[in-house]
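J.: Attaching a predicted model along with its sequence, questions to come.
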Amino acid sequence: MTIVASAAAGAVEHLDRGPLTMDELAAVIARDIPRGSYVNLGIGQPTKIADHLPADAGVVLHTENGMLNMGPAATGDQVDPDLTNAGKVPVTELPGAAYFHHADSFAMMRGGHLDVCVLGAFQVSATGDLANWHTGRPDDIPAVGGAMDLAIGAKNVYVMMTLFTRTGEPKLVPSCSYPLTGVRCVGRVYTDHATFDTTPDGMRIRETWGSTAADLAARLDGAAAATQSRR
Amino acid sequence: MTIVASAAAGAVEHLDRGPLTMDELAAVIARDIPRGSYVNLGIGQPTKIADHLPADAGVVLHTENGMLNMGPAATGDQVDPDLTNAGKVPVTELPGAAYFHHADSFAMMRGGHLDVCVLGAFQVSATGDLANWHTGRPDDIPAVGGAMDLAIGAKNVYVMMTLFTRTGEPKLVPSCSYPLTGVRCVGRVYTDHATFDTTPDGMRIRETWGSTAADLAARLDGAAAATQSRR
Amino acid sequence: MTALLHDTCDQAVAGIQDGSTVLVGGFGFAGMPFDLIDALIRQGAKDLTIVSNNAGNGEVGLAALLKAGRVRKVVCSFPRQADSYVFDELYRAGRIALEVVPQGNLAERMRAAGAGIGAFFCPTAVGTPLAEGKEARTIDGRDYVLEYPIKGDYALVSAHRADPMGNLVYRKTARNFGPVMATAATTTIVQVNEVVALGELDPEAVVTPSIYVDRIVRVQARNYTVQGAR
Amino acid sequence: MTALLHDTCDQAVAGIQDGSTVLVGGFGFAGMPFDLIDALIRQGAKDLTIVSNNAGNGEVGLAALLKAGRVRKVVCSFPRQADSYVFDELYRAGRIALEVVPQGNLAERMRAAGAGIGAFFCPTAVGTPLAEGKEARTIDGRDYVLEYPIKGDYALVSAHRADPMGNLVYRKTARNFGPVMATAATTTIVQVNEVVALGELDPEAVVTPSIYVDRIVRVQARNYTVQGAR
């Protein structure tokens, strides 16, 4: 399987600019979240998406440590040690909030009640496998948190990441070399260069920034072939 | 196995009177419930036990339809259609009550958190099997309610019943002929003629009213032998 | 999606298809969604599988739905009550199917459906006729049978108060199956006695968070004891 | 048995034996029972297995217990944090065992222990290293692995308010693991900021019913953000 299926088919190409910044990417994701959705934003980059959700979109944020309708980060006197998000950052409460315990919170996630979950990733495979919890380095202390629960729980699991590592290796790969977080769980991948939908034939490019879909597909598949031949 | 193990061993015999009334039996059970226990009283005769619990005993009543610290039956203006016991009889709420949903209520029961549950029975076997939900008659509509959950849930499951049917057949039997509610779940059997503890060797008589332990044991085992020989 | 407030029960039950599995709250009359059931009778869906603790009392609520001939099968713990003659007659006439489930298993199987649990080993009913044919296993010296989730297409639930997002609180033992059923159905429809302003429900005391609620309709509280609580 | 109010945390943790499995509430600092942990350090029990979401931050709470050398094994979802250097050093030195459990499984496995469930098929971690060696099964087209209960000998929980019977309410996201752990331990020990009179807690809003609570001790609220919330 190539990573990208039918690159030419219907992708919107923004060629008048370069790749997105992470903040611009957050805005793109925020734009795509349907009004009234229940959403979990993973620790790290996905947290930024909240800043781009219009107040009137009625998007309800879930934090897996036991709350619905979480508000923005707390500042100054708002800081309450009993009120944090999953990243243990002090946050606020919006009207209509509800608190619940951890088993109920993860039942909500695992039971498929959340509309969207956005996660960071080390790698995503062409079939939607996710690797985001462990580098696999022998000296790394394993720590999974809620990542595996989030990966298989929401109706739509989106990944937010740069498309390439700092050294230029694609993070969208034929199959993940890092330990998996979940199998065939990612529905959409948002990156600085392009957004992708998982399909039975591989990733389909929806939108690009700074490259044509064909060029990106060639770069991803070329890198994959090179990696393959090195093995 | 005989039904009664070592009948002579230490039973207290009340020979100056006849068998207990059901109300007297309820008082006997109430007396045996340790102070501060969490208790579920099954529908029917066991409900009477509540009337004999001293107010200062700190016994907390559970009703499986979602409440702890249930009070006495409601009368007059106290009747609230939203507040009933498991028999759907309007009841009251005591200070320190808590409400919870059905899954939490049965988790409390199934998880072994209740100290005592008292149930009625059609039959109890010498090994503590319980039959109390179904006569097994082909035209009877089966209806189990919470009986099977209660039978296996509490730390101590007591049965409250008459020792004999109206036609004189023992309800304490070598093995139940009625469909079972639970296997080896009954720890103690309270009847109008005697109370019994389940032991690995059969039932041990604790206390009798109106008969000697030896006479009762002979009557139970004799009836069992007669039934056996008729088969 | 945020919950939608509907003006009438008829609107709230619109679209329930023939053949649906409908979870119906209540324990006897307490917490029974009478108004939604009445609307469901008017709506006309048939061949329904009803999952509820009982099989109706008298000729109201669930009993009326049964009497109207809309129910193919009842999954419940306790169909046999002093005034459950509507169910009794249908059952004895072979016109309705019955699956008897221990009350705690009924709750836990719906909880599993809502919580994404594929199946669970449960000690209830081991060694009884209700465990016959079920997969059995001994774990740490205790015997269990494997129980599967019960998922609903719809849940009809009666709660006490809602806020406009759909957060719910219940009242006393009328809570019973409502919160569990709300998690176990694709579409949860709730009748409430009161809709309060956003922010008026204590976030610490919300029992059913809004995420589980799809449609809300306000109804008049009724004193169902006058019809004889059983 | 009705809950017992204790005067000091030292009384409340009395009797915890060497080798016990202790469930410790909290998510980071929120809901962490600092005072009970400090008392447990003074009490001296060792070779403990600690079940908690994290493996301690800085040198307080759980980290202090680890630093005191009392913990044989940690069962948690996320041991690795910016300031979890106490755990890190012990782990790298091979002086502490670690079982990493996905956060939802940690909660659900304790819930199962409290609810009398023998095991459950869970979709989390399927196909990942954390599912290796576990029994797998496909049910209705979805893949699951079998997960077993986690039961504690003791639970140390921090709640907001208790009544004299032991009913508990929590505060905001400090609720987290407390209610589940209270159900999963043989003996549940709770520190609270306030003990109110019987009848003052709303029965509709009780989160942990008294039946799950064995010992209560009142402590001073502390502002643990000053120690750096992570």
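T.: Cool, the structure landed. Numbering: from 1, shown residues only, chains lettered A, B, ... in the order given.

J.: residue boundaries of the strands in chain C?
T.: Applying DSSP state E to chain C gives strands spanning C:4-6, C:21-24, C:48-51, C:71-76, C:97-100, C:119-122, C:136-139, C:142-147, C:152-162, C:168-169, C:185-195, C:215-218.

J.: D:E200: which of those strands is closest?
T.: Counting by CB to CB, D:E200 lies closest to strand C:168-169 out of the strands of chain C; the figure is 18.5 Å. Just so you know, the C-beta spots here come from the backbone N, C-alpha and C atoms, and that holds for glycine as well.

J.: Is any residue of that closest one near chain A?
T.: No: using CB under 8 Å from any CB of the partner chain, strand C:168-169 never reaches chain A; the gap is at least 9.5 Å.

J.: rewinding a little: can I get the strands of chain C in a markdown table with mean pLDDT?
T.: Shown next, in a markdown table, are the strands of chain C (pLDDT from 0 to 100):
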| stretch | mean pLDDT |
| --- | --- |
| strand C:4-6 | 94 |
| strand C:21-24 | 98 |
| strand C:48-51 | 98 |
| strand C:71-76 | 98 |
| strand C:97-100 | 97 |
| strand C:119-122 | 98 |
| strand C:136-139 | 98 |
| strand C:142-147 | 98 |
| strand C:152-162 | 98 |
| strand C:168-169 | 98 |
| strand C:185-195 | 98 |
| strand C:215-218 | 98 |
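
J.: could you dump these to CSV with mean neighbour count and distance to D:A184?
T.: Shown next, in CSV, are the strands of chain C (neighbours: other CB atoms under 10 Å in any protein chain shown; distance: least, CB to CB, whole Å):
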stretch, mean neighbour count, distance to D:A184
strand C:4-6, 16, 38
strand C:21-24, 26, 28
strand C:48-51, 24, 29
strand C:71-76, 21, 30
strand C:97-100, 17, 30
strand C:119-122, 26, 16
strand C:136-139, 13, 16
strand C:142-147, 20, 16
strand C:152-162, 26, 28
strand C:168-169, 26, 27
strand C:185-195, 21, 28
strand C:215-218, 22, 35
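
J.: In space, not sequence, find me the middle residue of chain A.
T.: A:V159 (2.2 Å; CA atoms, centre = their mean).

J.: cool, chain C as well?
T.: Note: chain C centre (CA atoms, centre = their mean) maps to C:V24, 2.5 Å.

J.: and that one, what are its bridge partners?
T.: For C:V24, the beta-bridge partners are C:L156 (DSSP bridges).

J.: I'd say it and C:I50 touch.
T.: Yes: if you go by CB atoms under 8 Å, C:V24 and C:I50 touch, sitting 5.7 Å apart.

J.: Next, show the common contact partners of those two.
T.: Residues touching both C:V24 and C:I50 (CB atoms under 8 Å, 6 or more residues apart in numbering or on different chains) are C:L62.

J.: Going by residue numbers, what spans are strands in chain A?
T.: A:12-14, A:38-41, A:60-63, A:67-73, A:91-99, A:116-119, A:123-125, A:130-131, A:156-161, A:172-173, A:188-191, A:194-199, A:202-209.

J.: rewinding a little: ok, the residue nearest to the centre of chain C - contacts?
T.: C:32-33, C:37, C:50-52, C:62, C:155-156, C:181.

J.: Can you pull out the low-pLDDT segments for chain A?
T.: Applying pLDDT under 70 to chain A flags residues A:1, A:7-8, A:231.

J.: For the residue in it that chain D sits nearest to, which non-adjacent residue is closest in space?
T.: Using CB to the nearest CB, the closest approach of chain A to chain D is made by A:F106 at 3.1 Å. Nearest non-adjacent residue to A:F106, counting by CB to CB, 6 or more residues apart in numbering or on different chains: D:G104, 3.1 Å away.

J.: any idea how far A:F100 is from the one you found?
T.: 13 Å (CB to CB, to the nearest Å).

J.: okay, those two: which has more neighbours?
T.: A direct count of neighbours by other CB atoms under 10 Å in any protein chain shown for D:G104 and A:F100 places D:G104 higher, at 31 against 24.

J.: ok, now how distant is the residue of chain C most remote from its centre from chain B?
T.: Note on chain C: the largest C-alpha distance from the chain mean falls to C:G141, namely 34.3 Å (CA atoms, centre = their mean). Between C:G141 and chain B the computed distance is 12 Å (CB to the nearest CB, to the nearest Å).

J.: re earlier: how close does the residue nearest to A:F106 sit to C:I117?
T.: 11 Å.

J.: can you pull the contacts of the closest residue to A:V91 other than its chain neighbours?
T.: With CB to CB, 6+ apart as the criterion, A:V91 has its nearest non-adjacent residue at 4.7 Å, and that residue is A:N85. By CB under 8 Å, 6+ apart, the contact list for A:N85 reads A:47, A:63, A:65, A:70, A:73, A:91.

J.: what do D:G104 and C:I117 both touch?
T.: A:R110.

J.: helices and strands around the longest helix seen in chain C, which ones?
T.: Looking across chain C with DSSP state H, the single longest helix is helix C:103-115. With contacts taken as 3 or more CB pairs under 8 Å, 6 or more residues apart in numbering or on different chains; DSSP states H and E, helix C:103-115 sits against helix A:102-110, helix B:102-110, helix B:147-153, strand C:119-122, strand C:142-147, helix C:178-184.

J.: Could you tell me the angle between it and strand C:152-162?
T.: Taking axes from the mean of the first three to the mean of the last three CA atoms, to 10 degrees, one finds helix C:103-115 and strand C:152-162 inclined to each other by 100 degrees.

J.: Pull the distance from helix C:103-115 to the chain's centre.
T.: Here helix C:103-115 is found 11 Å from its chain centre; the criterion is CA atoms, centre = their mean, to the nearest Å.

J.: now swap in stretch A:130-146 and tell me
T.: 17 Å.

J.: Let me know whether it sits next to chain D.
T.: Yes: where contact is defined by CB under 8 Å from any CB, part of stretch A:130-146 touches chain D, namely A:134, A:139-146.

J.: what would these look like in JSON lines with distance to chain C?
T.: Below are these laid out as JSON lines (distance: CB to the nearest CB, whole Å):
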{"residue": "A:H134", "distance to chain C": "23"}
{"residue": "A:D139", "distance to chain C": "34"}
{"residue": "A:D140", "distance to chain C": "29"}
{"residue": "A:I141", "distance to chain C": "28"}
{"residue": "A:P142", "distance to chain C": "23"}
{"residue": "A:A143", "distance to chain C": "23"}
{"residue": "A:V144", "distance to chain C": "17"}
{"residue": "A:G145", "distance to chain C": "18"}
{"residue": "A:G146", "distance to chain C": "14"}
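
J.: Grab the two from the residues you listed that are most spread out in space.
T.: A:D139 and A:G146, at 23.8 Å, using CB to CB across those.

J.: near chain A, which residues of chain C?
T.: C:1-2, C:111, C:113-117, C:163-165, C:167, C:183, C:198-199, C:201, C:203-204, C:206, C:209-212.

J.: Select only the buried ones of the residues you listed in PyMOL?
T.: The following PyMOL line selects those of those that are buried, judged by 16 or more other CB atoms under 10 Å in any protein chain shown:
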select buried, chain C and resi 1+2+111+113+114+115+116+117+163+164+165+167+183+201+203+204+206+209+210+211+212
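
J.: Look up how far C:A221 lies from the residue lying closest to C:T208 once chain neighbours are set aside.
T.: Using CB to CB, 6+ apart and skipping the chain neighbours, the partner closest in space to C:T208 is C:L168 (3.9 Å). Shown here: C:L168 relative to C:A221, a distance of 15 Å by CB to CB.
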